[in-house]
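A.B. asks: Mind looking at a prediction? Sequence and model below.
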Amino acid sequence: MPTGLEVAYRTLIAVVVLFAMTKVLGKRQVSELSMFEYITGITLGSLAAYISLDTDASWYLGIIAIGVWGLVTLGIEFLQIKSKKARDFIDHKATVLIKDGKIMEDNLKQVRLTTDELMEQLRKKMVFKAADVEFAIMEPSGEINVLLTRDNQPLTPKHLGIKVAPEQEPQTVIMDGKIMDEPLATIGLSRQWLNTELNKLGVPIENVFLGQVDSYGQLYVDLFDDQIKVPLPQKKAALFAILKKCEADLMLFGLTTRHKKTKEMYEQCAKQMERVIAELKPVLHR
């Protein structure tokens, strides 16, 4: 066989073997790889090059080597899943770098991290003062995670005692001008509903590049023609306004009537409406 064809043949085999091996070993980002997994990746690449270009050697020996490396890696990953001690030995433990605003100098030396590198990592987390850090830890992957002191943490609805509705994954129901039936069925909607919503917006399906439905059943569309502006859905705002108007009307009726029982009835209904609005406000004000 000519050398060129043999190299092409071996390269094709190496690509197939590497693809199969990566499917078996799973998918993790480079930043999440352990040291052994990083070494394994380099070794498998070198073995694949050996299979492709070393025409003087038997190509099947490279396949055997890749298989052995793959099996060893799978064995180590299985051991890590089953044993905490194995995980700590192979990937190392997480290391505390800052505690209560104090930098742990000995731990910095242990992970071979300079003060400049630590401050650089903190700045990437939008932290510019070590004293603002309650807790900083270097994970086995090398990433540094930071917990700010309570005074420096951003306010959330929980801090303010405000209840918010849970957020669910938006479903993409239109893509490249075509309706996606499976996401529609997932949220219990039909093509007829979708066409009705598009008619309300005055947009043909062919002009929709992307259409998504949020967890409250509101349709948002992005058009191929960027010059056309599509109004945002206002159903929740309109419903909130109607409820507030009902509350105001009930209070007004209670103030204007002279009949005692009727006044009490209106006031009671107004209080009930106020409670309903308070419960629905987190949903209607998203």
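C.D. replies: Yep, that arrived.

A.B. asks: so what's the residue nearest to the spatial centre of the chain closest to, chain neighbours aside?
C.D. replies: Central residue of the chain (CA atoms, centre = their mean): E169, 10.2 Å from the mean position. Nearest residue to E169 in three dimensions, chain neighbours excluded: S215, at 7.7 Å (CB to CB, 6 or more residues apart in numbering). Glycine gets a C-beta too; all of them are placed from N, C-alpha and C.

A.B. asks: That neighbour: neighbouring residues, count only.
C.D. replies: Number of residues near S215 (other CB atoms under 10 Å) recorded here: 15.

A.B. asks: now it: how far from F128?
C.D. replies: 37 Å (CB to CB, to the nearest Å).

A.B. asks: Over to G75?
C.D. replies: Taking CB to CB as the measure, G75 falls 45 Å from F128.

A.B. asks: ok, and for stretch 74-86, which residues are buried?
C.D. replies: 76-77, 80 (16 or more other CB atoms under 10 Å).

A.B. asks: Closest one of the residues you listed to L194?
C.D. replies: E77 (44.2 Å; CB to CB).

A.B. asks: Is that closest one in a helix, a strand, or coil?
C.D. replies: Here E77 is recorded as helix under DSSP: H, G, I helix; E, B strand; the rest coil.

A.B. asks: Give me the packing partners of the helix or strand harbouring R87, helices and strands only.
C.D. replies: With secondary structure defined by DSSP states H and E, R87 is part of helix 84-91. Where contact means 3 or more CB pairs under 8 Å, 6 or more residues apart in numbering; DSSP states H and E, helix 84-91 is packed against helix 35-53, helix 59-82.

A.B. asks: Tell me which stretches of this structure form helices.
C.D. replies: 3-25, 35-53, 59-82, 84-91, 105-110, 115-124, 181-186, 191-201, 235-256, 260-284 (DSSP state H).

A.B. asks: residues touching M180, list them.
C.D. replies: 172-174 (CB atoms under 8 Å, 6 or more residues apart in numbering).

A.B. asks: Looking at these, which are in strands?
C.D. replies: Those of the contacts of M180 mapping onto strands are 172-174, per DSSP state E.

A.B. asks: what's the nearest residue to M119 if we skip its chain neighbours?
C.D. replies: If you skip the residues right next to it in sequence, M119 has A130 as its closest partner in space, 7.4 Å away by CB to CB, 6+ apart.

A.B. asks: Next, the contact list for that neighbour, please.
C.D. replies: A130 touches 98, 101, 103, 118-119, 122, counting by CB under 8 Å, 6+ apart.

A.B. asks: Roughly how far does it sit from A136?
C.D. replies: 8 Å.

A.B. asks: Repeat that for Q218.
C.D. replies: Per CB to CB, Q218 is found 40 Å from A136.

A.B. asks: the more surrounded of these two?
C.D. replies: A count of neighbours by other CB under 10 Å puts A136 above the other of Q218 and A136, at 24 against 16.

A.B. asks: and the gap between the nearest residue to K93 once chain neighbours are set aside and L184?
C.D. replies: Among residues not flanking K93 along the chain, P140 sits closest, at 7.1 Å (CB to CB, 6+ apart). Distance of P140 to L184, given as CB to CB: 42 Å.

A.B. asks: which of these two has more neighbours?
C.D. replies: L184 (19 against 16).

A.B. asks: Pretty sure that one sits against N195.
C.D. replies: No - if you go by CB atoms under 8 Å, L184 and N195 don't touch, sitting 11.2 Å apart.

A.B. asks: Double-check the residue nearest to E169 against Q168; I have them as touching.
C.D. replies: Yes - S215 is within contact range of Q168, at 3.6 Å (criterion: CB under 8 Å).

A.B. asks: Give the burial count for G211, as a bare number.
C.D. replies: 26.

A.B. asks: wait, doesn't it sit right on D176?
C.D. replies: No - the criterion here is CB under 8 Å, and G211 misses it with D176 at 10.3 Å.

A.B. asks: T156 is nearest to which of the helices of the chain?
C.D. replies: helix 260-284 (13.0 Å).

A.B. asks: how far does that closest one sit from the chain's center?
C.D. replies: 39 Å (CA atoms, centre = their mean, to the nearest Å).

A.B. asks: elements contacting that helix?
C.D. replies: helix 235-256.

A.B. asks: For the helix it packs on, the averaged confidence score.
C.D. replies: Taken as a whole, helix 235-256 carries a mean pLDDT of 75.

A.B. asks: coming back round to it: which among the ones in strands among the contacts of M180 end up buried?
C.D. replies: By neighbour count, with 16+ other CB under 10 Å, the ones in strands among the contacts of M180 hold 173-174 as buried.
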